[in-house]
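> Return a 3D structure for these sequence lines:
(2 chains)
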Amino acid sequence: MRALELRDEDRERIRELEELSTKAEEGDKDARRKLRVALRESSPGVVKRCSDIASGYRGVLAKTASARNPLLQEALEERMEGMRDEIAGDNPTPLEVLLTERIVSCWMLVELLEALNTGYYVRDTDRKRLDPRYFMQMVKILDSAYRRYIASIQALARVRKLQAGTPGIQYNTQINLS
Amino acid sequence: MALEKRNGNLYYYRSERRGDEIRKVYVGSGEIARLAHEQDEQRRAEEEAERGRAQDEVERMEALVAPALEIGEAAEVLERAHLIATGYRRYQRHWRREREST
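Now for the predicted structure:
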């Protein structure tokens, strides 16, 4: 899956953003200024590249999940496109686009891994039981993918909430029992 | 598991673990020894092939996950950079707007 990897220059930009973020978080105001400039310059390119990867990746996942059935593959791709449009909403920022791509890819990945794991488990009832070590490994991969899926949803929600500049909603409920 | 030949006769033994102890258990001699040995060899080859298939499956899953990790890492870095650049600061795993942001 070489085509589904970031290029070295993209990785370099990401590393640079990470370093500047750490410095800015430590209170370096110059780093924050540089971070803004770096974000303006690098962010669109990195987001574009990540979106391209995510798009190709979703195709691979759909192909695997559909067992090369073209109709099913197309249906899955359509479903993901629909999800992406729905989650991204109108006029999404580049960051929202990236986070949306991540959510949709993670969703498809979790669905696929669940199906593969279930397939392995069901198949095993007819045959000799699978070595639990391998099954545990597969369950761990699924678990990790699921956690990333949840984290991706939280990330988009967080960014939207903070971008909106509105405070979190807090409900205080008083119940009188007398 | 051992197929032993003594005085022109075949004898077959299996190794069995009972707790920490490994015991050599007599299975049979002659034709029975040969058949039992062949069956055990076949079972062992099938188990090995099954392990190979399972390992392939795990590697396939890991390969499927790899691009998601890459996109995820890039997204996390960009999200953090974006929030810091717009004046937020992480405090005990929560993002808060800094009082003085320039």
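> From the structure, what's the count of residues near residue B:90?
Number of residues near residue B:90 (other CB atoms under 10 Å in any protein chain shown) recorded here: 13. C-betas here are computed from N, CA, C, even on glycine.
> roughly how far apart are it and chain A?
7 Å (CB to the nearest CB, to the nearest Å).
> need the contact list for that residue.
Counting by CB atoms under 8 Å, 6 or more residues apart in numbering or on different chains, residue B:90 makes contact with A:25, B:80, B:83, B:96.
> Mind checking which of the residues you listed land in strands?
Judged by DSSP state E, strands contain the following of the contacts of residue B:90: residue B:96.
> right, and out of the contacts of residue B:90, which lies closest to residue A:69?
Distance to residue A:69, by CB to CB, is smallest for residue B:80 among those, at 40.0 Å.
> chain center to the lowest-mean-pLDDT helix or strand in chain A: distance?
Each helix and strand of chain A was given a mean pLDDT (mean pLDDT, DSSP states H and E); the minimum falls on helix A:94-126 at a mean of 85. Remark: helix A:94-126 is offset 11 Å from the chain centroid, using CA atoms, centre = their mean, to the nearest Å.
> Helix A:94-126 and the helix or strand containing residue B:51, what's the angle between them?
Residue B:51 belongs to helix B:30-85 when assigned by DSSP states H and E. Counting by axes from the mean of the first three to the mean of the last three CA atoms, to 10 degrees, helix B:30-85 lies at 170 degrees to helix A:94-126.
> elements contacting helix B:30-85?
Secondary-structure packing of helix B:30-85 (3 or more CB pairs under 8 Å, 6 or more residues apart in numbering or on different chains; DSSP states H and E): helix A:8-25, helix A:29-65, helix A:94-126, helix A:132-164, strand B:2-6, strand B:9-18, strand B:21-29.
> Mind picking the two most distant members of the contacts of residue B:90?
Across the contacts of residue B:90 (CB to CB), the longest gap, 13.9 Å, separates B:80 and B:96.
> So for these two, which sits in the more crowded spot?
Per other CB under 10 Å, whichever of residue B:80 and residue B:96 has more neighbours is residue B:80, with 21 against 12.
> Do I have it right that that one meets residue A:20?
No: with contact defined as CB atoms under 8 Å, residue B:80 does not count as touching residue A:20 (10.3 Å).
> quick one: the most centrally placed residue in chain A from residue B:76, how far?
Nearest to the mean C-alpha position of chain A, by CA atoms, centre = their mean, lies residue A:102 at 2.5 Å. Between residue A:102 and residue B:76 the computed distance is 9 Å (CB to CB, to the nearest Å).
> Are there residues contacting both of those two? Which ones?
residue A:155.
> Disregarding residues adjacent in the polypeptide, which is nearest to residue A:89?
residue A:96 (7.7 Å; CB to CB, 6 or more residues apart in numbering or on different chains).
> next one: residue B:10
Closest residue to residue B:10 apart from its sequence neighbours, by CB to CB, 6+ apart: residue B:33 at 4.3 Å.
> One more: residue A:72?
Per CB to CB, 6+ apart, closest to residue A:72 is residue A:66, 3.7 Å.
> next one: residue A:3
Distances taken as CB to CB, 6+ apart put residue A:56 closest to residue A:3, at 6.1 Å, once the chain neighbours are dropped.
> ditto for residue A:20
In space, residue A:20 is closest to residue A:35, 4.1 Å off (CB to CB, 6+ apart).
> State the distance from the residue nearest to residue B:10 to chain A.
25 Å.
> What is the neighbour count of that residue?
Residue B:33 has 21 neighbouring residues, counting by other CB under 10 Å.
> so what pLDDT did residue A:167 get?
Looking at residue A:167, its pLDDT reads 47.
> again, but for residue A:129
Predicted confidence (pLDDT) for residue A:129: 61.
> List of residues touching stretch A:43-56?
A:3-7, A:10, A:13-14, A:94-95, A:97-98, A:101-102, A:104-105, B:67, B:70-71, B:74-75, B:78, B:81-82.
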